[in-house]
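> below are the sequence and a predicted model for it; my questions follow.
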Amino acid sequence: MAATAPMRDWVNAVFGLALTSAGPTQSPAALLAEFHAASNAWMAAMAKVDRQMAVLKSALLVSDDPDLEEIAEQRLDATLADGPQKLGALLAQLANADEARLRAAAGKTLPALGAMQQSIEQNRKVDACEANPVRVPVSIRATLGPAIARLQQVLGSAAGART
């Protein structure tokens, strides 16, 4: 049975999906809402990691170990390089985007997300921070990984459903 106009309207109103002959697609409002939620989750995750890193830096500075103090003063801030700033700038550019602009930019943003995820997974500095000798809880991968995955899912869906 093919969906009638009232059925399609109901599905769109209740679930935020627009039925097409190819199957359901996300309504523009639902896509934008999902993107904003995913972007906000990224910002919250980055804020959490920033707080953890600040606590770690403080602990290293008062450790009475010259090597740890040097790491805190000169190397700790470069743990994630400029990946979070670049990704944040890309997301900020899309903050007020309409559906068409978001869909168009999604394919360009996905590689940056993949690079960020790969960097976090393979970064030995992340290993060192998470297993730091002053036992400050730091969870870079567990915090940023799900936020990146959520952005990848939302933007992947947007890129794949371009009209």
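Received, thanks. Numbering: from 1, shown residues only.

> next secondary structure element downstream of the strand or helix carrying residue 31?
In this assignment (DSSP states H and E), residue 31 forms part of helix 28-61. Toward the C-terminus, helix 28-61 is succeeded by helix 66-70 as the next helix or strand (DSSP H and E).

> residues of the helix or strand that that next one is followed by that come out buried?
Sequence-wise, the next helix or strand downstream of helix 66-70 (DSSP H and E) is helix 83-93. Neighbour-count burial for helix 83-93, counted by 16 or more other Cβ atoms under 10 Å, picks out 83-84, 87, 90-91. For glycine as for every other residue, the C-beta is placed from the backbone atoms N, C-alpha and C.

> what's the helix holding residue 31 packed up against?
Using 3 or more Cβ pairs under 8 Å, 6 or more residues apart in numbering; DSSP states H and E, the elements in contact with helix 28-61 are helix 66-70, helix 83-93, helix 99-122, helix 140-160.

> at 6 Å what do you get?
Helix 28-61 sits against helix 99-122, helix 140-160, with contacts defined as 3 or more Cβ pairs under 6 Å, 6 or more residues apart in numbering; DSSP states H and E.

> which of those helices sits most buried?
For the helices and strands packed on helix 28-61, the largest average neighbour count (mean count of other Cβ atoms under 10 Å) is found in helix 140-160, namely a mean of 18.

> residues in contact with that helix?
Under the criterion Cβ atoms under 6 Å, 6 or more residues apart in numbering, residues 31, 34-35, 38, 41-42, 45, 48-49, 102-103, 106-107, 109-110, 113, 116-117, 120, 126 lie in contact with helix 140-160.

> could I have the CA atoms of that helix written out in PDB?
Extracted in PDB, the C-alpha atoms of helix 140-160 (Å, rounded to 0.1, in the frame of the first residue of the first chain):
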ATOM      1  CA  ILE A 140      40.100  12.100  26.200                       C
ATOM      2  CA  ARG A 141      39.200   9.200  24.000                       C
ATOM      3  CA  ALA A 142      36.100   8.200  26.000                       C
ATOM      4  CA  THR A 143      34.900  11.800  26.000                       C
ATOM      5  CA  LEU A 144      35.600  13.000  22.500                       C
ATOM      6  CA  GLY A 145      35.100   9.700  20.700                       C
ATOM      7  CA  PRO A 146      31.300   9.500  21.100                       C
ATOM      8  CA  ALA A 147      30.900  13.200  20.200                       C
ATOM      9  CA  ILE A 148      32.900  12.700  17.000                       C
ATOM     10  CA  ALA A 149      30.900   9.600  16.200                       C
ATOM     11  CA  ARG A 150      27.600  11.400  16.700                       C
ATOM     12  CA  LEU A 151      28.800  14.300  14.400                       C
ATOM     13  CA  GLN A 152      29.900  11.700  11.800                       C
ATOM     14  CA  GLN A 153      26.500  10.000  11.900                       C
ATOM     15  CA  VAL A 154      24.600  13.200  11.500                       C
ATOM     16  CA  LEU A 155      26.800  14.700   8.800                       C
ATOM     17  CA  GLY A 156      27.100  11.400   7.000                       C
ATOM     18  CA  SER A 157      23.300  11.200   6.900                       C
ATOM     19  CA  ALA A 158      23.200  14.700   5.600                       C
ATOM     20  CA  ALA A 159      25.800  14.200   3.000                       C
ATOM     21  CA  GLY A 160      24.200  10.900   1.800                       C
END
